[in-house]
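Undergrad: Fold the stuff below for me.
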Amino acid sequence: MRAVQVQAYGGPEVLVAAEVADPVAGPGELLVRVAASGVNYIDTYHRTGVYPVPLPFTPGLEGAGEVVAVGDGVTEFGVGARVAWASAIGSYAELAAVPASAVVPVPDGVDLVVAASSMLQGMTAHYLTTSTYPVQAGDDVLVHAAAGGMGLLLTQFVKAKGGRVIGTVSTDEKEKLAREAGADEIIRYTEADVAEQARALTGGRGVAVVYDGVGATTFDASLASLRPRGVLALYGAASGQVPPVDLQRLNQAGSVYVTRPSLGHYTANREELLWRAAEVLSGVADGSLTIRVGARYALSEARQAHEDLQGRRTTGKVLLVG
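TA: Next up is the predicted model:
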């Protein structure tokens, strides 16, 4: 089969498409013909060794496809089942051996490519807005990178709960996308002081929560944008990891909270995974949740996909297809 391989940690240039042996479905696993795999920032952390994975490896945690073989001990899924997942390394490939425990069923009527676009970011947006900080009607919420795949989903989840979204973007095109998703206010982070604008837009109070997947370059503004006892949910580090922080700053900012959550801790058991996935995929199925696929690349173009993602040249979801 064709798969993307990483032989050594490094930049996007280490992503090389190659012919490799087909995987097999071991005990407790499904062999899936991959319809599409999601490209996410966590893949760049694996590629660079920030989150080490034993070398060599095939990147990609997220995907969807059709089951072509079933390993010993698997009873929940059979050959032909349409499935998706968000935490199975090796998804940048034509075939993937995926633990059945990590897989969820894809509802009828949901395209497999759309399902692959929905899982990791959709469940992340779900846990951030329902569990990390449960958004309440009337809450002011700051969403960084509001036109990205995560930003568009977070905006929709916040609006569904009655919150007011203040989104940060850099261009007219991205502002249009964020507003179409429901953003109430937009801050051009390239032109204005984000914290000053967030406070001006909230009558000086500050926001209830900041959802920040950017990290190093936005952390200070995020902290300064919070109301007293507000929450900064730092769920990623697209611009780099945040340096060590003097905890006294949390007191000075108004007894605020900072948390660094991850999807694995919010899908800690099978029941929680199925619940979050069902909420996301049912929203896709009934049209209440819109997934925007911003770019599709072939497996041979994985390097370009990572370069465009990290260069902030993408909007919506980035996929590898075929």
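
Undergrad: Please count neighbours and contacts with C-alpha atoms only from this point.
TA: Will do.

Undergrad: longest strand anywhere in the protein?
TA: Longest strand of the chain, by residue count under DSSP state E: strand 29-39.

Undergrad: Could you list the paired strands of that one along with their orientation?
TA: Strand pairing for strand 29-39, determined by DSSP bridges: strand 62-70 (antiparallel), strand 95-99 (antiparallel), strand 317-320 (antiparallel).

Undergrad: and the gap between the residue most central in space within the chain and residue 253?
TA: In the chain, the centroid-proximal residue (C-alpha atoms, centre = their mean) is residue 121; its distance is 3.0 Å. Separation of residue 121 from residue 253 (C-alpha to C-alpha, to the nearest Å): 29 Å.

Undergrad: cool, and residue 105?
TA: 44 Å.

Undergrad: likewise residue 264?
TA: 29 Å.

Undergrad: When those two are compared, which one has more neighbours?
TA: Set residue 264 next to residue 253 and count neighbours by other C-alpha atoms under 10 Å: residue 253 wins out with 17 against 12.

Undergrad: In this structure the more buried one contacts residue 230, no?
TA: No: using C-alpha atoms under 8 Å, residue 253 makes no contact with residue 230, being 9.2 Å away.

Undergrad: Between the two ends of stretch 248-259, how far is it?
TA: OK, stretch 248-259 end separation, C-alpha to C-alpha: 15 Å.

Undergrad: and if you look at stretch 45-57?
TA: Per C-alpha to C-alpha, the first residue of stretch 45-57 is 13 Å away from its last.

Undergrad: buried set for that stretch?
TA: 45-48, 53, 57 (16 or more other C-alpha atoms under 10 Å).

Undergrad: From the chain's centroid, how far away is it?
TA: Distance, stretch centre to chain centre, for stretch 45-57: 18 Å (C-alpha atoms, centre = their mean, to the nearest Å).

Undergrad: what comes into contact with that stretch?
TA: The contact list for stretch 45-57 (C-alpha atoms under 8 Å, 6 or more residues apart in numbering) reads 5-12, 14, 59, 90.

Undergrad: Among those residues, which are located in strands?
TA: Per DSSP E, those map to strands at residue 5.

Undergrad: picking that back up, for residue 150, which of the strands paired with strand 29-39 is the nearest?
TA: Residue 150 lies closest to strand 317-320 among the strands paired with strand 29-39, at 8.1 Å (C-alpha to C-alpha).

Undergrad: Other residues contacting the closest one?
TA: Here strand 317-320 makes contact (C-alpha under 8 Å, 6+ apart) with 36-40, 92, 117, 148-149, 291-299, 302, 305, 309.

Undergrad: ok, for residue 284, nearest residue in space, not its chain neighbours?
TA: Closest residue to residue 284 apart from its sequence neighbours, by C-alpha to C-alpha, 6 or more residues apart in numbering: residue 290 at 6.3 Å.

Undergrad: what's the distance between the one you found and residue 14?
TA: Per C-alpha to C-alpha, residue 290 is found 33 Å from residue 14.

Undergrad: just residue 140 next, same as before
TA: 42 Å.

Undergrad: And these two? Which one has more around it.
TA: Ranked by neighbour count (other C-alpha under 10 Å), residue 140 and residue 14 place residue 140 first, with 26 against 17.

Undergrad: Can you give me every residue that contacts that one?
TA: Residues in contact with residue 140 (C-alpha under 8 Å, 6+ apart) are 163-166, 202, 206-209.

Undergrad: On the pLDDT front, check it for me.
TA: Note for residue 140: predicted pLDDT of 98.

Undergrad: just residue 253 next, same as before
TA: Looking at residue 253, the pLDDT reads 97.

Undergrad: and the closest residue to residue 212 other than its chain neighbours, how many neighbours?
TA: Among residues not flanking residue 212 along the chain, residue 234 sits closest, at 4.8 Å (C-alpha to C-alpha, 6+ apart). Using other C-alpha under 10 Å, residue 234 has 22 other residues around it.
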